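Asks: okay, sequence plus prediction incoming.
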Amino acid sequence: MAILMLIPVKSLLSTAFIWSENKKYLCFLEYSGLKMLMKYDKAVVVEGLVKEFGKVRALDGVSFTVEEGEIFGLIGPNGAGKTTTLRILATLLLPTRGSVTIFGYDVVKNAGEIRRIIGYLPEEAGAYRNLSGYEYLDIVARLYFQSKQEVEEAVEEAVKISGLGDRIHDKVKHYSKGMKRRLQIARVLMVKPKLAILDEPTAGLDVSHALYVRKLIRDYTRKNGMTVILSSHNMLEVEHVCSRIALIHKGVVYESGVPEELMEKYNADNLEEVFVKVVGYAV
């Protein structure tokens with residue numbers, strides 16, 4: 001990042017972060033008494049990311065960038081390092097080495113600020129079984145918003161996003177897996193995060209629910225100018241969702257780019273073929 005300007009201020013303040021109106025600049029005040037206007041170039045920047053669990057290296061120098069407003073896919077088989085990467089982005093895991101910034105914030109130094117601007121969906125996200133879907137969304141909204149009006153608007157938005165209709169008032173224990181997943185995605189999107197981190201959003205869903213979720217992610221991102229990074233082991237479906245992808249295997253990113261351009265580069269009919277040619281084994 002480059003400092004664009006320095007403006008003296010009257011008082012000496014501890015670090016405070018403020019978004020400008022166009023949300024492209026990150027301003028903060030330091031003890032020096034100078035107001036610094038910073039600009040970030042990418043929504044997400046991951047450089048040389050390493051994560052070790054004891055003697056096991058789950059991530060081995062992962063690097064990629066995500067543009068603001070795009071849907072970026074982290075694609076690979078189970079155990080490739082996708083979830084570990086996303087959990088570091090969501091500030092739930094500390095990296096062993098390397099750096100990650102999200103809209104100019106460092107995931108280690110500025111974890112609190114990052115949590116205010118992201119939404120995270122784990123692969124195995126759950127909800128309270130004995131609450132209705134509506135009651136669950138209302139509780140979550142109250143954690144994010146202070147005024148009654150904001151809570152009500154967020155919940156109504158989530159109800160629309162979920163597409164569950166009158167079933168939103170049924171208890172969650174009576175929901176199918178697809179309905180629970182739609183409820184959880186609505187929970188993430190209703191707060192309109194700057195970055196939505198979605199871990200395997202369609203895993204285990206039948207065709208109808210998977211199609212609904214994929215269309216929802218595409219349309220909602222386009223409508224709200226949101227940035228999305230998602231993981232998936234289903235390489236065929238991401239061709240229709242992601243504007244760019246990174247292929248990851250055994251903690252290493254082997255290739256990244258636009259799906260269509262990667263298929264042309266490797267003379268492949270789909271991303272599964274690209275993955276086999278890049279990594280060198282049958283999926």
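Replies: Structure received.
Asks: which residue ranges of the chain form helices?
Replies: With DSSP state H as the criterion, the chain has helices at 82-89, 111-115, 133-144, 148-162, 177-189, 207-224, 259-265, 271-279.
Asks: could you list the buried residues of stretch 115-123?
Replies: Residues of stretch 115-123 classed as buried under the neighbour-count rule (16 or more other C-beta atoms under 10 Å) are I117, I118, G119, Y120, L121, P122. All C-beta atoms are positioned from the backbone trio N, CA, C, and that covers glycine.
Asks: which residues are in contact with it?
Replies: 83, 86, 89-92, 102-103, 105, 184-185, 187-189, 191, 193-201, 203, 231 (C-beta atoms under 8 Å, 6 or more residues apart in numbering).
Asks: avg pLDDT for that stretch?
Replies: Averaging pLDDT along stretch 115-123 gives 94.
Asks: for that stretch, measure first residue to last.
Replies: End-to-end distance for stretch 115-123, by C-alpha to C-alpha, to the nearest Å: 18 Å.
Asks: now do stretch 160-175
Replies: End-to-end for stretch 160-175, by C-alpha to C-alpha: 17 Å.
Asks: local confidence estimate at E21?
Replies: We have a pLDDT of 38 for E21.
Asks: right, I mislabeled it, should have said G280
Replies: Per the predicted model, pLDDT is 79 at G280.
Asks: same check on R97?
Replies: Turning to R97, the model gives it a pLDDT of 97.
Asks: is it bridged to anything, and to what?
Replies: Beta-bridge pairing for R97 (DSSP bridges): V50.
Asks: need the contact list for it.
Replies: G48, L49, V50.
Asks: pull out the buried members of the residues you listed.
Replies: Buried among the contacts of R97 (16+ other C-beta under 10 Å): L49.
Asks: can you tell me which of the helices of the chain is nearest to H240?
Replies: helix 207-224 (6.5 Å; C-beta to C-beta).
Asks: now tell me what touches the closest one from outside.
Replies: 69, 71, 161, 163, 176-179, 181-182, 185, 189, 192, 196, 198, 201-202, 205, 226-228, 230, 237, 240-241.
Asks: 7 Å instead?
Replies: Applying C-beta atoms under 7 Å, 6 or more residues apart in numbering, the contact partners of helix 207-224 are 71, 161, 163, 178, 181-182, 185, 189, 192, 201-202, 205, 226, 228, 237, 240-241.
Asks: again, but for stretch 146-164
Replies: So stretch 146-164 is in contact with 133-134, 137-138, 141-142, 144-145, 168, 179, 182-183, 186-187, 189-191, 212, 216, 220, going by C-beta under 7 Å, 6+ apart.
Asks: rerun that using 8 Å as the cut-off
Replies: By C-beta under 8 Å, 6+ apart, the surrounding residues in contact with stretch 146-164 are 133-134, 137-138, 141-142, 144-145, 168, 179, 182-183, 185-187, 189-191, 212, 216, 220.
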